[in-house]
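# need coordinates for the following:
(2 chains, ligands or ions: 5)
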Amino acid sequence: MAKIDRFKRTPISNQDPVIRSTNFEEVCLGYTEEEAVKEAKRCLQCPNPTCVPGCPVAIDIPGFINHIANREFAEAAHVLADYTALPAVCGRVCPQEDQCEKVCILAKKGEAIAIGKLERFAADWARENGVEVGKTKPGNGHKVAIIGSGPSGVTCAGELAKEGYDVTIFEALHEPGGVLVYGIPEFRLPKEKVVKPEIENVKKLGVKIETNVIVGRTVTIDSLFEEGFEAIYVGSGAGLPIFMNIPGENLNGVFSANEFLTRNNLMKAFREDYETPIKVGKRVAVVGGGNVAMDAARTAKRLGADVYIVYRRTEAELPARLEEVHHAMEEGINFEFLTNPIEIIGNEKGWVKGIKCVRMELGEPDASGRRRPVEIKGSEFEFDVETVIMALGTSPNPLIASTTEGLQTNKRQGIIVDEGGHTTRDGVFAGGDAVTGSATVILAMGAGKDAAKTIDKYIKEKNS
Amino acid sequence: MYKIVKKEILAPNIFSMDILAPRVAASAKPGQFLIIIVDEKGERVPLTICDYNKDEGTVQIVVQAMGSSTKRLADMVEGDSLKDFVGPLGVPSEFVNEDIEELKKKKYLFVAGGVGTAPVYPQVRWLTERGVEVDVIMGAKNKELVILEDKMKSVATNLYVATDDGSYGFHGLVTNYIEELVENQGKEYDKCVAIGPMIMMKFTALTTKKLNIPTVVSLNPIMVDGTGMCGACRVTVGDETKFACVHGPEFDGHLVDFDEALKRQTQYKEEETELSEAYNHKTEEAGE
Ligand SMILES: Cc1cc2nc3c(=O)[nH]c(=O)nc-3n(C[C@H](O)[C@H](O)[C@H](O)COP(=O)(O)OP(=O)(O)OC[C@H]3O[C@@H](n4cnc5c(N)ncnc54)[C@H](O)[C@@H]3O)c2cc1C
Ligand SMILES: Cc1cc2nc3c(=O)[nH]c(=O)nc-3n(C[C@H](O)[C@H](O)[C@H](O)COP(=O)(O)OP(=O)(O)OC[C@H]3O[C@@H](n4cnc5c(N)ncnc54)[C@H](O)[C@@H]3O)c2cc1C
Ligand code: SF4
Ligand code: SF4
Ligand code: FES
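Ligands and ions are numbered 1, 2, ... in the order given. This next block holds a predicted model:
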């Protein structure tokens, strides 16, 4: 038997960059059984694992990895199910390099265990082999409403259903999943293969999902209480796109990343057999440097464009996951660092024909500790593009707060909650991006899980 | 699924449908809209709420078959179901929250163009039921395209019909009729509400600005989600960018940048024409 090198990660296969930049198939192909076992065996099974506190939901990482090492794949999935409702999603999209893998003991001397990839492997294996996970207690008759079917809402719903609650999710869009279906593209997170089955698993626990219901319009928090729900969890996400307020932003050909990605992911514009139109010119500028910018850029590339990411700081400050940045570079996305747009230029018919930018340099650190970019005077320049995609982040939708008396928000529109997720309104709980502003899938799930505990306690106390 | 309980042809290519959607019917108000998806592969199509019946749980839409989604809808019959139906969206008309006594002191002029006539009807009815005086100008290309005339007559204080080609009623555009009423017949109005094609609303707003009549228009930009998430529906009102789906669809007509809005409406023209032609082709083949 070949000796394993403790400090070297088992390589994983990806689709070839040249081929994948023309299709929407998943980029990362995942570990085979042999590769997963090999990687799992590298784990030291630390008695005091440093990796676990790095995970926002404190998954028993050595526990599930040990099962993989022993080829007990179903058992590995069972361990994961105790902590996360969406392991196949987290394994794919968590910023592992900043969380569990960052603090894996092996990272000190070599390469961290590929915890995310192993998590994905176990979850995929369980799904492909029909392993049933999750047990529910008998029904207790108490009704809980969940607003939003993103990772936060779905997790909270799943946890409560397991405790025996009668749970209904209300979702504004026609498909459940939140950002997982409308934002993150197919080539990173396959919808039919991964997202749908994970949502089906939650339905199997007895959770009902009513789509096409906008809380604040179709129904309100108050009318839901009248319908007999005893507690309500708001997991409505951060869905409002931010624009720059520069001249030319309303020209034809300027989109928010949300619009561009929604047309392509939720409305399936990339597929010939769907009706949704999508516009992408020959040259596209994507403004921003987060996951959303990478996703928009790589989507535009796949639709045939030559793509430029315009980011005002340097490569080191890019907030996107490292893997996505590498993948984007491999796929031939161009990066204009230390560059900021100041105007979008249109032709006489109202269509974008170029973007005017200014070069930046890094100055003094700002409140977040990052060095603040400042304009270099006289460095303005223009380049030709036909499409501009704004990926500058999102803020929470004020609809629910503005239609619910007693529900307070902070100045960034986030709903104010205490440690357990209770809002300023009795019986109303909240978590995920609706509270924090855009964050991550796993943090949104963690908040949903914590709130489920608080809700359980709240309802039990009220009825005792 | 949302069942079509009644369908009626109002004019060539214009039809109304009553659709079973109790949650929407229970909370709909004048001025709001909804979004439908016809079938699995269809687009999200925004449509104004024309009428609603809380007891029966139905909502009425009036649609002009334009492109592939609305043509596909036109081909559906009573008993069929729509895949998705979500609403009500947008902010209700501002008069809904006004003090009734104040409202009664005002004289309203509604200007309706084409299918825009349909959403005007429940607004006029709402006001008339509360004792407010409402005159209505209805404009259409020709006699055949005049819809809902009898219904409108039963609720309007005065109803004026104009056709572009003079085949029925006043010969001319709605804007000519507004000038005729105000400048020649001495009518006075405190408020104008214009609903119809973007170009009609633009010229109506220009006319009422000249005549000093505050004017509300109901914008119909391209939309995707209708919940404020995508920004496709951006319009410039005053000097601010607004999202029509959440801040509107009704805005002060004298502040809307119509030229920008008209340009933005054409963003997908080529793609839509292709799809629409493909659909015609398909149905023609099927019909052979
Ligand atoms: C393009 C993109 C890429 C991303 N990439 C990553 C990544 O790689 N890794 C990572 O960890 N995170 C990533 N994120 C962030 C992550 O997706 C979010 O932090 C996470 O989805 C938040 O979950 P949530 O449940 O709070 O909200 P959401 O996922 O936003 O779900 C909220 C749901 O609530 C619904 N809703 C809103 N208002 C109402 C209402 N009034 N009534 C009914 N329903 C309502 C919405 O339609 C939506 O379905 C990305 C985000 C985007 C946009
Ligand atoms: C708030 C609002 C209320 C509306 N109310 C009504 C109504 O009561 N009755 C009615 O017949 N029509 C109404 N419309 C217009 C209707 O939505 C479009 O005619 C429909 O989307 C066209 O779809 P299509 O696929 O059949 O045609 P397409 O071939 O896709 O387009 C035909 C025309 O419709 C416009 N259009 C296309 N997609 C959209 C979209 N997603 N949103 C808005 N416009 C679009 C195009 O610019 C084009 O001019 C309304 C639009 C809005 C935004
Ligand atoms: S959920 Fe995310 S942070 Fe936690 S173990 Fe999995 S990949 Fe790591
Ligand atoms: S810290 Fe690293 S080596 Fe130790 S248990 Fe966690 S994953 Fe395994
Ligand atoms: S339609 Fe998407 S924000 Fe208005």
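
# average pLDDT across the host helix or strand of A:F64?
Using DSSP states H and E, A:F64 falls within helix A:61-69. Helix A:61-69 comes out with an average pLDDT of 97.

# how about stretch B:228-236, does it reach ligand 5?
Yes - interface with ligand 5: stretch B:228-236 contributes B:G228, B:M229, B:C230, B:G231, B:A232, B:C233 (C-beta under 6 Å from any ligand atom). From N, CA and C alone the C-beta is placed, and that goes for glycine too.

# from those residues, pick the one nearest ligand 4.
In terms of C-beta to the nearest ligand atom, no member of these lies closer to ligand 4 than B:M229, at 37.6 Å.

# those residues of chain B touching ligand 1, which are they?
Checking chain B against ligand 1 by C-beta under 6 Å from any ligand atom, there are no hits.

# for chain B, which strand is longest?
When chain B is scanned for its longest strand (criterion: DSSP state E), the result is strand B:2-11.

# any chance of the residues of stretch B:228-236 next to ligand 5 in TSV, plus secondary structure?
Output for the residues of stretch B:228-236 next to ligand 5, formatted as TSV (DSSP: H, G, I helix; E, B strand; the rest coil):
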residue	secondary structure
B:G228	coil
B:M229	coil
B:C230	coil
B:G231	coil
B:A232	coil
B:C233	coil
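
# only the buried subset of the residues you listed, as a PyMOL command please.
Buried members of those, defined by 16 or more other C-beta atoms under 10 Å in any protein chain shown, are picked up in PyMOL with:
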select buried, chain B and resi 228+229+230+231+232+233
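
# Throw the residues of stretch B:228-236 next to ligand 5 into JSON lines and include pLDDT and distance to A:S256, thanks.
Formatted as JSON lines, the residues of stretch B:228-236 next to ligand 5 follow (pLDDT from 0 to 100; distance: C-beta to C-beta, whole Å):
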{"residue": "B:G228", "pLDDT": "91", "distance to A:S256": "11"}
{"residue": "B:M229", "pLDDT": "91", "distance to A:S256": "9"}
{"residue": "B:C230", "pLDDT": "93", "distance to A:S256": "6"}
{"residue": "B:G231", "pLDDT": "92", "distance to A:S256": "4"}
{"residue": "B:A232", "pLDDT": "92", "distance to A:S256": "8"}
{"residue": "B:C233", "pLDDT": "94", "distance to A:S256": "11"}
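
# ok, so of the residues of stretch B:228-236 next to ligand 5, who is nearest A:P185?
Nearest to A:P185 out of those is B:C230 (C-beta to C-beta; 15.5 Å).

# re earlier: the longest strand of chain B pairs with which strands?
Partners of strand B:2-11 in the sheet, by DSSP bridges, are strand B:14-20 (antiparallel), strand B:81-82 (antiparallel).

# dump it to CSV, keeping only the CA atoms.
What follows is strand B:2-11, C-alpha atoms only, in CSV (Å, rounded to 0.1, in the frame of the first residue of the first chain):
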residue,chain,number,x,y,z
TYR,B,2,-54.6,28.5,-10.3
LYS,B,3,-57.8,27.7,-12.1
ILE,B,4,-59.4,29.8,-14.9
VAL,B,5,-63.0,29.9,-13.8
LYS,B,6,-64.2,32.3,-16.5
LYS,B,7,-62.9,33.6,-19.8
GLU,B,8,-64.4,36.3,-22.0
ILE,B,9,-63.2,37.8,-25.3
LEU,B,10,-63.5,41.6,-25.1
ALA,B,11,-62.1,42.6,-28.5
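
# how about it and ligand 2, any contact?
No - residues of strand B:2-11 contacting ligand 2 under C-beta under 6 Å from any ligand atom: none, with a closest distance of 10.9 Å.

# show me the domain layout of the chain.
You didn't say which chain, so I picked chain A. Following automatic domain parsing, chain A resolves into domains at A:17-128, A:143-239+A:395-462, A:243-392.

# nope, chain B please
As recorded under automatic domain parsing, the domains making up chain B are B:2-89, B:98-218.

# give me the contacts around the biggest strand by length in chain A.
Ranked by residue count and defined by DSSP E, the top strand of chain A is strand A:352-365. Outside strand A:352-365, the residues that touch it by C-beta atoms under 8 Å, 6 or more residues apart in numbering or on different chains are A:248, A:251-254, A:281, A:285, A:310, A:312-314, A:336, A:338-347, A:371-376, A:379-388.

# re earlier: can I get the domains of chain A in a markdown table including mean neighbour count and distance to ligand 4?
Formatted as a markdown table, the domains of chain A follow (neighbours: other C-beta atoms under 10 Å in any protein chain shown; distance: least, C-beta to the nearest ligand atom, whole Å):
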| stretch | mean neighbour count | distance to ligand 4 |
| --- | --- | --- |
| domain A:17-128 | 20 | 3 |
| domain A:143-239+A:395-462 | 22 | 16 |
| domain A:243-392 | 19 | 18 |
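
# circling back: just checking: what are the partner strands of the longest strand of chain A?
Each strand paired with strand A:352-365, and its direction, by DSSP bridges: strand A:339-346 (antiparallel), strand A:371-375 (antiparallel), strand A:381-384 (antiparallel).

# picking that back up, the domains of chain B: which one's closest to A:I184?
Closest approach to A:I184 among those is made by domain B:2-89 (19.7 Å; C-beta to C-beta).

# now do the helices in the stretch 101-250 of chain A.
For the stretch 101-250 of chain A, the helices defined by DSSP state H, counting those that start in this stretch occupy A:115-128, A:151-162, A:179-182, A:196-204, A:221-226.

# same question but for the stretch 151-288 of chain B, I mixed them up
B:174-179, B:198-211, B:244-247, B:258-265, B:269-287.

# in JSON lines, list the helices of the stretch 101-250 of chain A along with distance to B:D239 and mean pLDDT.
Formatted as JSON lines, these follow (distance: least, C-beta to C-beta, whole Å; pLDDT from 0 to 100):
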{"stretch": "helix A:115-128", "distance to B:D239": "47", "mean pLDDT": "95"}
{"stretch": "helix A:151-162", "distance to B:D239": "36", "mean pLDDT": "95"}
{"stretch": "helix A:179-182", "distance to B:D239": "31", "mean pLDDT": "93"}
{"stretch": "helix A:196-204", "distance to B:D239": "43", "mean pLDDT": "90"}
{"stretch": "helix A:221-226", "distance to B:D239": "34", "mean pLDDT": "96"}
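
# got a list of what residue 183 touches?
Just so you know, I chose chain A. Neighbouring residues of A:G183 by C-beta under 8 Å, 6+ apart: A:N258, A:L261, A:T262, A:N265, A:V292, A:D295.

# switch to chain B, please.
B:E183 makes contact with B:L211, according to C-beta under 8 Å, 6+ apart.

# next one: the closest residue to A:N410 other than its chain neighbours from A:G288, what distance?
Once flanking residues are discounted, A:N410 sits nearest to A:I416: 5.7 Å by C-beta to C-beta, 6 or more residues apart in numbering or on different chains. Distance check for A:I416 against A:G288: by C-beta to C-beta, to the nearest Å, it reads 27 Å.

# and what of B:A232?
Between B:A232 and A:G288 the distance is 18 Å, computed by C-beta to C-beta.

# kindly report the same for B:C50.
B:C50 is 41 Å from A:G288, by C-beta to C-beta.

# any chance of the helices of the stretch 101-250 of chain A in TSV, with distance to B:G248 too?
Formatted as TSV, the helices of the stretch 101-250 of chain A follow (distance: least, C-beta to C-beta, whole Å):
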stretch	distance to B:G248
helix A:115-128	43
helix A:151-162	28
helix A:179-182	22
helix A:196-204	33
helix A:221-226	24
